[in-house]
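Q: predicted model, plus sequence, below.
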Amino acid sequence: MLGRVVLSGRCGFWSRGPSAAARLRLPGHPGRSSSTEASLKQTPLHDFHRSQGGKMVEFAGWSMPVQYRDSHITSHLHTRHHCSIFDVSHMLQTKVYGKDRVKFMESLVVGDIAELKDNQGTLSLFTNTKGGIMDDLIVTKTDQGYLYVVSNAGCADKDSAHMQARLREFKAAGHDVDLEYLEESLIALQGPSMARVLQEGVGDDLSKLTFMTSVLTPVFGIPGCRVTRCGYTGEDGVEISVPRDSVVALTERLLANDEVKLAGLGSRDSLRLEAGLCLYGNDIDETTTPVEAALVWTIGKRRRQVRDFPGADIIIPQIKAKTQRKRVGLISNGPPIRQHTPILSPEGRVIGEVTSGCPSPCLKQNVAMGYVETSFSKAGTPVQVEVRKKMVPAVVSKMPFVPTNYYTGH
Amino acid sequence: MFSSFCPPVADVLLFLPSCCRCSPLSALLLLMLSSFCPPVAAPASLFCLCPPAASHPSLIFHCPAAALKYTDKHEWVRVEDGVGTVGISKFAQEALGDVVYCGLPDVGTKLSQSDEFGALESVKAASELYSPLTGEVTEVNNALSDNPGLVNKSCYKDGWLIKMTISVPEELDALMDEAAYERYIRSIED
């Protein structure tokens, strides 16, 4: 047997071509030499991951843990029933300062940023002039005089160049904006027992911190932390931005609670897929518009009228006119469906392609995302997928596949 | 991680009779060793008739009458009464992770050596299976459709994949024996 490990994570590293997947070093594949691993970027938790039995793989130029001592399925289910820590320090964290920061941000993304309440965040999209998606990101409008932005590790160079170019334009036009790329680490604590675990270390009442809101607070005595109630698993969870010198101590303190275990990129991917969340580079990229990607909800009401974001003249008409293809969920049994699997009509005509897929540890069925001709995009539509030259029936499905548990305060 | 190297004591007992010339004391020591995790490398003298024990833990716990031969793609084949039973090694099942689906051929499928005959799927990985020998599939392990995890739990016994006839017995000579396979794993594990 050969092993082809299809790795993913919240990163725009993967191109649409043959899966540039990082490989577990299985025999028969040269894998990476230790000298190459040494040249990968490392988060401050790198050695800690290894000490905890982390299996490190290359991801977007970083050495990251794909799993620890527990099996993938054990780790995935632990997150759904208890809570897990994910090191997401490889993602880019940016602060946007200045009087004109909202105008600046809106010149790059599709969302109504001005309408956000203080300390409220939203998922948004950088778009290009052709209407394609450059990255997905979370923008939070803090009450501290800056916007707090978290974007994908694999798009870090692209996004920072994009923001830097717009910054130059804005400054040249006399606007007041500045960017700061953060040195802080970022860990996600995700799962139903997160609030119970974290409350022990936070003075503010977490029952008041609802989904997509953010607060500055010491965490277990560590000053200078930002806690945002968001995540990439579908569960209630937070992302904690913490000074890099303290991230190991914070992780150890959280792990002292029996409820908490470390989890890696492997379960991060199966969790987000069950939750119906896109992976940049697989499910969305510069060739997919927000309408094709079924992400119309990210486009702000006001922005649809004013059409003042990149590619708006291509994207807005698509909302009414519909597009030729649409991103859908698929469910099947039998052999798992993976990226690049062809999708066919019941008559055998190719109508699309799978962009992400895996066996669902919760459902014990196969779940996938892909694009199909819009006439096949209604939930319940039967299709076929071609796996190892055999036709396997599948059904178009609503997402999330597994119900989400975002904390709305009710 | 170490617990996965300790098979249930029952597995060890299965193999003991084949070491029939081991002294009762050796057999007792072997049983005692098997109940401790992590396992320790046992002195070669415990395995009178068995292939020399290497330091890799998995070797200590099977000493079958029909020796396993291995391919460089981590399949094993065991020949008994002219029939080859095929599976994947402990090294392979560990690298693969929890198997959730086994794609296996139909009975009657004719295979040449190195032909792809199926695939094992875990959540993250898909691994093709390659025939260690030339022959015809006579049996497929149907228990795996409801219980694919057997490949992880019992890769040398209950997690067998297919049985096949052996058209070209000479092909077995070129496959690795246990010691050679252990060396092979060490050489790629660097």
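A: All right, it came through fine.
Q: any idea which helix or strand in the chain has the lowest mean pLDDT?
A: Picking chain A for this. strand A:4-5 (a mean of 42; mean pLDDT, DSSP states H and E).
Q: give me the residue from the stretch 251-400 of chain A nearest chain B.
A: Using C-beta to the nearest C-beta, the single residue of the stretch 251-400 of chain A nearest to chain B is residue A:359, 4.4 Å away. Just so you know, the C-beta spots here come from the backbone N, C-alpha and C atoms, and that holds for glycine as well.
Q: secondary structure element for the residue of chain B found nearest chain A?
A: Of all residues in chain B, residue B:127 sits closest to chain A, at 3.8 Å by C-beta to the nearest C-beta. Secondary-structure assignment from DSSP states H and E places residue B:127 in strand B:125-130.
Q: list the helices and strands that strand packs on?
A: strand A:4-5, helix B:90-96, strand B:116-122 (3 or more C-beta pairs under 8 Å, 6 or more residues apart in numbering or on different chains; DSSP states H and E).
Q: re earlier: thinking the residue of chain B closest to chain A is in contact with residue B:116, fair?
A: No: between residue B:127 and residue B:116 there is no contact under C-beta atoms under 8 Å: 10.7 Å.
Q: which one of those two has more residues nearby?
A: Each of residue B:127 and residue B:116 has its neighbours counted (other C-beta atoms under 10 Å in any protein chain shown); residue B:127 has more, 25 against 14.
Q: can you list the low-confidence ranges for the chain?
A: In the absence of a named chain, chain A is used. A:1-38 (pLDDT under 70).
Q: wait, chain B was what I had in mind.
A: If you take pLDDT under 70 as the line, chain B has these spans: B:1-65, B:190.
Q: how about the strands of it, start to end?
A: B:68-70, B:75-80, B:83-88, B:99-103, B:110-111, B:116-122, B:125-130, B:135-140, B:162-165 (DSSP state E).
Q: and the contacts of the shortest one?
A: Just to be clear, that refers to strand B:110-111. B:105, B:117, B:131, B:133-137, B:164 (C-beta atoms under 8 Å, 6 or more residues apart in numbering or on different chains).
Q: what does stretch A:203-210 give?
A: A:195, A:198-199, A:215, A:217-218, A:227, A:229, A:238, A:407-409.
Q: recalculate using a threshold of 7 Å.
A: A:195, A:198-199, A:215, A:217, A:229, A:407-409 (C-beta atoms under 7 Å, 6 or more residues apart in numbering or on different chains).
Q: in a markdown table: those, plus distance to residue A:373.
A: Below are the contacts of stretch A:203-210 laid out as a markdown table (distance: C-beta to C-beta, whole Å):
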| residue | distance to residue A:373 |
| --- | --- |
| A:195 | 43 |
| A:198 | 45 |
| A:199 | 48 |
| A:215 | 45 |
| A:217 | 49 |
| A:229 | 38 |
| A:407 | 37 |
| A:408 | 35 |
| A:409 | 40 |
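Q: which of the residues you listed fall within helices?
A: Cross-referencing the contacts of stretch A:203-210 against helices under DSSP state H gives A:195, A:198-199.
Q: can I have the buried ones of those residues as a PyMOL selection?
A: For the buried members of the ones in helices among the contacts of stretch A:203-210, the matching PyMOL selection, counting by 16 or more other C-beta atoms under 10 Å in any protein chain shown, is:
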select buried, chain A and resi 195+198
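Q: columns distance to residue A:207 on top of the ones in helices among the contacts of stretch A:203-210, output as JSON lines?
A: Shown next, in JSON lines, are the ones in helices among the contacts of stretch A:203-210 (distance: C-beta to C-beta, whole Å):
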{"residue": "A:195", "distance to residue A:207": "7"}
{"residue": "A:198", "distance to residue A:207": "12"}
{"residue": "A:199", "distance to residue A:207": "9"}
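Q: tell me the bridge partners for the residue of the stretch 251-400 of chain A closest to chain B.
A: residue A:366 (DSSP bridges).
Q: now do the contacts for it.
A: Counted by C-beta under 7 Å, 6+ apart, residue A:359 has contacts A:336, A:366, B:100-101, B:121, B:123.
Q: which one among those gets closest to residue A:326?
A: Of all those, residue A:366 has the smallest distance to residue A:326: 20.1 Å, by C-beta to C-beta.
Q: the helices and strands packed on strand B:125-130: which one's closest to residue B:153?
A: Going by C-beta to C-beta, the one of these nearest residue B:153 is helix B:90-96, 8.9 Å.
Q: could I have that closest one exported to PDB, CA atoms only?
A: Extracted in PDB, the C-alpha atoms of helix B:90-96 (Å, rounded to 0.1, in the frame of the first residue of the first chain):
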ATOM      1  CA  LYS B  90       1.500  -3.200  11.900                       C
ATOM      2  CA  PHE B  91       3.700  -0.400  10.600                       C
ATOM      3  CA  ALA B  92       1.300   0.200   7.700                       C
ATOM      4  CA  GLN B  93      -1.900   0.200   9.800                       C
ATOM      5  CA  GLU B  94      -0.300   2.600  12.300                       C
ATOM      6  CA  ALA B  95       0.700   5.000   9.500                       C
ATOM      7  CA  LEU B  96      -2.800   4.700   8.000                       C
END
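Q: in that helix, what counts as buried?
A: Quick answer for helix B:90-96 (16+ other C-beta under 10 Å): B:90-93, B:95-96.
Q: setting aside sequence neighbours, what's the nearest residue to residue 83?
A: Just going to use chain A. What sits nearest to residue A:83 in space, not counting adjacent residues and going by C-beta to C-beta, 6 or more residues apart in numbering or on different chains, is residue A:191, at 2.9 Å.
Q: that's the wrong chain, I meant chain B
A: Here the residue nearest residue B:83, using C-beta to C-beta, 6+ apart, is residue B:163, at 5.4 Å.
Q: hang on, the earlier thing: most neighbours of all the contacts of residue A:359, which one?
A: residue A:336 leads the contacts of residue A:359 on contacts (other C-beta under 10 Å) with 28 neighbours.
Q: who are the contact partners of that one?
A: Taking C-beta under 7 Å, 6+ apart, one finds A:357-359, A:366, B:101, B:121 in contact with residue A:336.
Q: just flag the most distant two among those.
A: A:357 and B:101 (12.3 Å).
Q: contacts for stretch A:213-229?
A: Counting by C-beta under 7 Å, 6+ apart, residues outside stretch A:213-229 touching it are A:119-121, A:140, A:142, A:144, A:148, A:201-204, A:209-212, A:238-243, A:246, A:249-250, A:253, A:407.
Q: how about stretch A:286-304?
A: A:110-112, A:123-125, A:128, A:131-134, A:278, A:284, A:309, A:314-316, A:318-319, A:323, A:325-327, A:371.
Q: try it again with 6 Å
A: A:110-112, A:124-125, A:128, A:131-133, A:284, A:309, A:315-316, A:318-319, A:323, A:325, A:327 (C-beta atoms under 6 Å, 6 or more residues apart in numbering or on different chains).
Q: could you do stretch A:364-377 as well?
A: A:273, A:283, A:322, A:325-333, A:336-337, A:343, A:351-357, A:359-360, A:401.
Q: from those residues, which land in helices?
A: residue A:273.
Q: now intersect the contacts of stretch A:364-377 with the strands, please.
A: A:325-332, A:343, A:351-357, A:359.
Q: now the contacts of residue A:359 as a markdown table including distance to residue B:75?
A: A markdown table is the format used below for the contacts of residue A:359 (distance: C-beta to C-beta, whole Å):
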| residue | distance to residue B:75 |
| --- | --- |
| A:336 | 21 |
| A:366 | 25 |
| B:100 | 19 |
| B:101 | 18 |
| B:121 | 16 |
| B:123 | 22 |
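Q: with respect to residue A:180, which of the residues you listed is nearest?
A: Distances from residue A:180 to the contacts of residue A:359, taken by C-beta to C-beta, are shortest for residue B:123, at 38.3 Å.
Q: looks like residue A:48 contacts residue A:249 (just checking).
A: No: applying C-beta atoms under 6 Å, one finds residue A:48 not in contact with residue A:249, separated by 10.1 Å.
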